[in-house]
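**Q** Here's a sequence, model it:
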Amino acid sequence: MSKFISAAEAAAYVKDGATVMIGGFLAVGSPLKIIDALAASGVKNLTLICNDTAYPEKGIGKLIANKQVKKIFVSHIGTNALTMDQMNQGELEVEFCPQGTLAERVRAGGAGLGGVLTPTGLGTVVAEGKQVINVDGKDYLLEKPLHADVALIGASVGDEEGNLIYRGTSQNFNPMMATAADLVIAEVADVKPVGSLAPENIKTPSILVDYIVK
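**A** Residues are numbered from 1 along each chain as shown. Next up is the predicted model:
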């Protein structure tokens, strides 16, 4: 059975109120065609888990511009003034996570862990409302795992079954997000025949990928 669907079909799997992981780093490695389809779909009240909100006119920034997002888990928003404006006006809830912590929370969600312990954020606003656990005389924040209804990821190369390879900074979040959602849709820039990818280069095995957008 073919896994290939259109960007519009991919967007249709995201329902109002869904929690969605979107891979990429300042739109590099993001599934831009799917994001554009989401922006056109009118879906609303989304919770996004992403590294950043890119730019107002590109990637995740389009969803922010359309006010389709109610909450984001994010490591920074400094490249998108619209995100800052909506946060300051109380229109958008923003939970800041240090970048490494955000990655670990997603990894924990994919691995079925109860959370991760980190000293990062102690004594700052990041620690507000979070449990502090002492291990051998040292305090750590308990950062709970993140999981999504849908993960939208971008891959540099993949085969027709959904085995995926990532290049450059697209490796930052896409591989772990593929493990931490109920439904995984990959937008693949270069699709190869099955058997043409060296197994040792594959970062995401096809068993984790439900659908592919060329």
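
**Q** After the longest helix seen in the chain, which helix or strand is next?
**A** If you go by DSSP state H, the chain has its longest helix at helix 99-111. Sequence-wise, the next helix or strand downstream of helix 99-111 (DSSP states H and E) is strand 116-118.

**Q** tell me which element residue 62 is part of?
**A** Using DSSP H and E, residue 62 maps to helix 60-65.

**Q** C-terminal to that helix, what's the next element?
**A** strand 69-74.

**Q** by how many degrees do the helix or strand that that next one is followed by and strand 69-74 diverge?
**A** Next along the chain after strand 69-74, taking DSSP H and E as the criterion, comes helix 81-88. On the basis of axes from the mean of the first three to the mean of the last three C-alpha atoms, to 10 degrees, helix 81-88 is oriented at 110 degrees to strand 69-74.

**Q** Show me what counts as buried in helix 81-88.
**A** 82-84, 86-87 (16 or more other C-beta atoms under 10 Å). Any C-beta I mention is one placed from the backbone N, CA and C, and that applies to glycine too.

**Q** Which parts of this protein are helices?
**A** Under DSSP H, the chain gives helices at 7-12, 32-41, 60-65, 81-88, 99-111, 174-177.

**Q** May I see the ones you listed arranged in TSV, with mean pLDDT and distance to residue 166 as well?
**A** Output for these, formatted as TSV (pLDDT from 0 to 100; distance: least, C-beta to C-beta, whole Å):
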stretch	mean pLDDT	distance to residue 166
helix 7-12	98	18
helix 32-41	98	15
helix 60-65	97	18
helix 81-88	97	25
helix 99-111	97	14
helix 174-177	97	6
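
**Q** most tightly surrounded among those?
**A** Ranked by mean neighbour count, these are led by helix 174-177 with a mean of 26 (mean count of other C-beta atoms under 10 Å).

**Q** Packing partners of that helix?
**A** Identification of packing neighbours for helix 174-177 by 3 or more C-beta pairs under 8 Å, 6 or more residues apart in numbering; DSSP states H and E yields helix 99-111, strand 148-159.
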